[in-house]
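K.L.:
build the 3D model from these lines:
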Amino acid sequence: MEEPIKGKSWFNRNWKWVVPTGGCLLVIILIVAFAGSLIWGVTSLMSDSQAYQDAMTEARNNSQVVQVLGEPIETNGMSGGSINYSNGYGTAELTIPIKGPNGEATILVEGSGADENWTYQKMEVSISDSDQVIDLLEDGPLIE
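P.N.:
Numbers count the residues shown, from 1 in each chain. Modelled structure (predicted):
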C-alpha cells in the first residue's frame, strides 16, 4: 500500500512573498489610521472651540443668512484656520464652510477671549454663488 506523499503547506511554499506583503500592508494601514486620527483630532478641536460654536449660532440665528441659505444650516466639510491658546487666553481665525438647502457659504471669524467670554473683530458670511457678504456683528451681536 502506498502512502501519499505529504507536500509542504501553502504557507511554507509562499512565505517569501506573504511576509513582506503582509508587513507592507500593515504599515500602510497604520499610516492611514494615524493620518485619519490626526485629521479627526484637529477637526474636533476646532469644532469644539468657543469661536466656532459662536459663529455657527450667529449664522443659524441671522435672518439674512437663513433667507439666502434656507434651513437647516449645517457645516459643509472641514473648517480651516488657526486657534491659539496661551495661559487661558485664546485667539482664533477660522473659515467654516456651511450649507443650507438653497446654497453654500463660508463663515469668516476672527476673535479672541478666554473661556466663554470672546470678542470678535470679524464674523461674516460670504455667500458662494454671489459677492454678497453678511456681517453677523452688524446688528448687535448675540454674543460678546
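K.L.:
okay, now the unreliable bits of this structure?
P.N.:
Residue ranges of the chain with pLDDT under 70: 1, 139-144.
K.L.:
can you pull out the helices in it?
P.N.:
Assigned by DSSP state H, the chain shows helices spanning 10-47, 50-61, 63-69.
K.L.:
out of those, deepest packed?
P.N.:
Greatest average neighbour count among these goes to helix 50-61 (a mean of 20), per mean count of other CB atoms under 10 Å. All C-beta atoms are positioned from the backbone trio N, CA, C, and that covers glycine.
K.L.:
can you redo the helices of the chain as CSV with distance to Tyr85?
P.N.:
Formatted as CSV, the helices of the chain follow (distance: least, CB to CB, whole Å):
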stretch, distance to Tyr85
helix 10-47, 10
helix 50-61, 11
helix 63-69, 28
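K.L.:
between the ones you listed, which gets nearest to Glu104?
P.N.:
Closest to Glu104 of the helices of the chain is helix 63-69 (CB to CB; 7.6 Å).
K.L.:
which elements pack onto that closest one?
P.N.:
strand 89-100, strand 103-114, strand 117-127, strand 133-135 (3 or more CB pairs under 8 Å, 6 or more residues apart in numbering; DSSP states H and E).
K.L.:
how about the CA coordinates for that helix, as PDB?
P.N.:
Provided in PDB are the C-alpha atoms of helix 63-69 (Å, rounded to 0.1, in the frame of the first residue of the first chain):
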ATOM      1  CA  SER A  63     -32.400  86.200   9.300                       C
ATOM      2  CA  GLN A  64     -30.400  87.200   6.200                       C
ATOM      3  CA  VAL A  65     -28.400  84.000   6.300                       C
ATOM      4  CA  VAL A  66     -31.500  81.900   6.800                       C
ATOM      5  CA  GLN A  67     -33.200  83.700   3.900                       C
ATOM      6  CA  VAL A  68     -30.300  83.100   1.500                       C
ATOM      7  CA  LEU A  69     -29.300  79.500   2.500                       C
END
